[in-house]
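1. fold the following, please.
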Amino acid sequence: MRASERTGRLGIGIIGAGRVGPVLGAALAGAGHAIVGISAISAESRDRAEAMLPDVPVLTIPEIVERSELVLLAVPTAELPALIAGLAETSTWQMGQLVLHTAAEYGVDVFAPARAAGVIPLAVHPALSFSGTSIDIARLAGTHFAVTAPTPVLPIAQALVVEMGGEPVVVAEADRAAYAEAIETASTFSTAIVDQATGILAGIGIEAPGRLLAPLVRTSVDNALTRAGGIAPD
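-> Below you'll find the predicted structure:
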């Protein structure tokens, strides 16, 4: 008997043990879902899986798909289309299976090969820079997730986000590329600017330049977000 038939919860398999998959898996487990397995290749990914999801077995990708009601694809964006297509070519996907990916730039069109096999596609991207540790679970609270899904199953994607502590924001399929550009811009430039500034300070002998800049950077970002309507001022 499947997990959903016993408790209303889903049996979830995770493909990808980078910084995102184990954290989302731990959050969903905390909401009562059963994590049936995770794929992990490198020693680092296996260690992360063990730390975040102890007692969850490391399985092959076909085993995960076979055992799961919801498959969470937390793989690098460049690998996603080939993974979905490859599993379709081997007839691995199951009719009626929920499949969720976490890539910013893709909506559900990337699932075209799997949809032909009858899967239910969900695209859910958390707007958060992950460390891959348990710290991220607390950070999920209040984090916005871009959600794209066919209208009949959109509430499923939204409910999963809420269960992880996040806030779902619906992004249309046609707007995923622009959304991904905004996420990449914010992430890349903020990191580059901090790296450049701390490098300059270190070059003039300032010790722990990150500590010096932290209040300045945080208040500057908070003020910019306030002007954009992102947060309420103190």
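2. which helix in this protein runs the most residues?
-> If you go by DSSP state H, the chain has its longest helix at helix 176-203.
3. mind checking how far that one is from the chain centre?
-> Between the centre of helix 176-203 and the centre of its chain there are 20 Å (CA atoms, centre = their mean, to the nearest Å).
4. same question for stretch 43-57.
-> Taking CA atoms, centre = their mean, one finds the center of stretch 43-57 at 17 Å from the center of the full chain.
5. what sits up against it?
-> Contacts to stretch 43-57, defined as CB atoms under 8 Å, 6 or more residues apart in numbering, come from residues 14, 17-19, 22-23, 25-26, 29, 35-38, 40, 58, 132-134. Where C-beta positions appear, they are placed from N, C-alpha and C, glycine not excepted.
6. what do you get for stretch 130-141?
-> 18-20, 22-23, 26-27, 30, 48, 51-52, 126, 128, 164-166.
7. so which of those residues are in helices?
-> Per DSSP H, the contacts of stretch 130-141 map to helices at 22-23, 26-27, 30, 48, 51-52.
8. quick revisit: among the contacts of stretch 130-141, who's most crowded?
-> Most neighbours among these, by other CB atoms under 10 Å: P22, with 29 neighbours.
9. now do it, the pLDDT please.
-> In this model, P22 is scored at 97, pLDDT.
10. can you tell me how far the nearest residue to it once chain neighbours are set aside is from S45?
-> Spatial nearest neighbour of P22, excluding adjacent residues (CB to CB, 6 or more residues apart in numbering): M52 at 3.6 Å. The gap separating M52 from S45 is 11 Å, by CB to CB, to the nearest Å.
11. can you show me the CA trace of the helix or strand hosting V221 as CSV?
-> Using DSSP states H and E, V221 sits in helix 209-227. Output of helix 209-227 as CSV, limited to C-alpha atoms (Å, rounded to 0.1, in the frame of the first residue of the first chain):
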residue,chain,number,x,y,z
PRO,A,209,36.4,42.2,6.1
GLY,A,210,33.2,40.2,5.8
ARG,A,211,32.4,41.0,9.4
LEU,A,212,33.0,44.7,8.7
LEU,A,213,30.8,44.8,5.6
ALA,A,214,28.0,42.6,6.9
PRO,A,215,25.9,45.4,8.6
LEU,A,216,26.4,47.7,5.6
VAL,A,217,25.5,45.1,3.0
ARG,A,218,22.5,43.8,4.9
THR,A,219,21.0,47.3,5.5
SER,A,220,21.7,48.4,2.0
VAL,A,221,19.9,45.4,0.6
ASP,A,222,17.1,45.8,3.1
ASN,A,223,16.7,49.5,2.1
ALA,A,224,16.7,48.5,-1.6
LEU,A,225,14.1,45.8,-1.0
THR,A,226,11.9,48.3,1.0
ARG,A,227,12.0,50.7,-1.9
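12. send me stretch 48-60 as CSV with only the CA atoms.
-> Extracted as CSV, the C-alpha positions of stretch 48-60 are listed here (Å, rounded to 0.1, in the frame of the first residue of the first chain):
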residue,chain,number,x,y,z
ARG,A,48,25.1,15.3,2.6
ALA,A,49,22.2,12.8,2.0
GLU,A,50,23.2,10.9,5.2
ALA,A,51,23.4,14.2,7.2
MET,A,52,20.1,15.6,6.0
LEU,A,53,18.1,12.4,5.5
PRO,A,54,19.5,9.8,7.9
ASP,A,55,18.1,6.3,7.3
VAL,A,56,16.9,7.2,3.8
PRO,A,57,18.3,4.6,1.4
VAL,A,58,20.6,5.7,-1.5
LEU,A,59,19.0,4.1,-4.6
THR,A,60,19.5,4.1,-8.4
